[in-house]
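Q: A predicted structure for the sequence below; I have some questions about it.
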Amino acid sequence: KKIKLQGNIMINIRHVQNKDKDFWFSLDRHLPESEFCKKVRDKTGYVLLENNIPVGLLRYNLFWDNTPFCAMLFVECNMRGKGYGKKLMLHWEKEMKSMGYKMVMTSTQSDENAQNFYRRHGYQDAGVLLLNIPEYEQPAEIFFIKAI
């Protein structure tokens, strides 16, 4: 459990819990409910709270079953610019390093500003995925890697 005081604001990052379900799905519309239950069970998701109110989340899985992959990092729009995304990412990287991992990965669509966030925080471009099957088409997905 991480608790940090920032001015008179208390910041807490903890693993996702069942009680976070409504908040989680208010930000993450891509995760099936069954997978949310696995995130809780396997402790592969985090919630960032400001003064005990959830404002951000991070979820991950293992790419190739051996490399931590941040599948989603999201902070409520009105809470951005406070460094909460950075806090979540650093917390996750530190935990992954403590588990023995030496590299982490993430990705974002080429039309999203998140790519600049990742580069600012030491992530390197590692390739692009193009999905051109009609039902799954989207802008190019940029993959990033970082040694930890």
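A: It's in.

Q: show me what contacts residue 86?
A: residue 121 (Cβ atoms under 8 Å, 6 or more residues apart in numbering). Bear in mind the C-beta positions are built from the backbone N, C-alpha and C, glycine included.

Q: what's the spacing between it and residue 80?
A: Noted for residue 86: a distance of 11 Å to residue 80, by Cβ to Cβ, to the nearest Å.

Q: And for residue 59?
A: Counting by Cβ to Cβ - residue 59 and residue 80 are separated by 18 Å.

Q: And for residue 24?
A: Distance from residue 24 to residue 80, by Cβ to Cβ: 18 Å.

Q: which of those two has more neighbours?
A: Taking other Cβ atoms under 10 Å, residue 24 and residue 80 do not tie; residue 24 has more neighbours (23 against 13).

Q: For the more buried one, pull up the helix or strand it's in.
A: Using DSSP states H and E, residue 24 sits in helix 21-27.

Q: Tell me where the protein has helices.
A: Ranges of helices in the chain, per DSSP state H, are 21-27, 33-42, 84-98, 114-120.

Q: give me the number of residues near the nearest residue to residue 138 once chain neighbours are set aside?
A: Excluding the flanking residues, the one nearest residue 138 by Cβ to Cβ, 6 or more residues apart in numbering is residue 131, at 5.6 Å. When counting by other Cβ under 10 Å, one arrives at 12 neighbours for residue 131.
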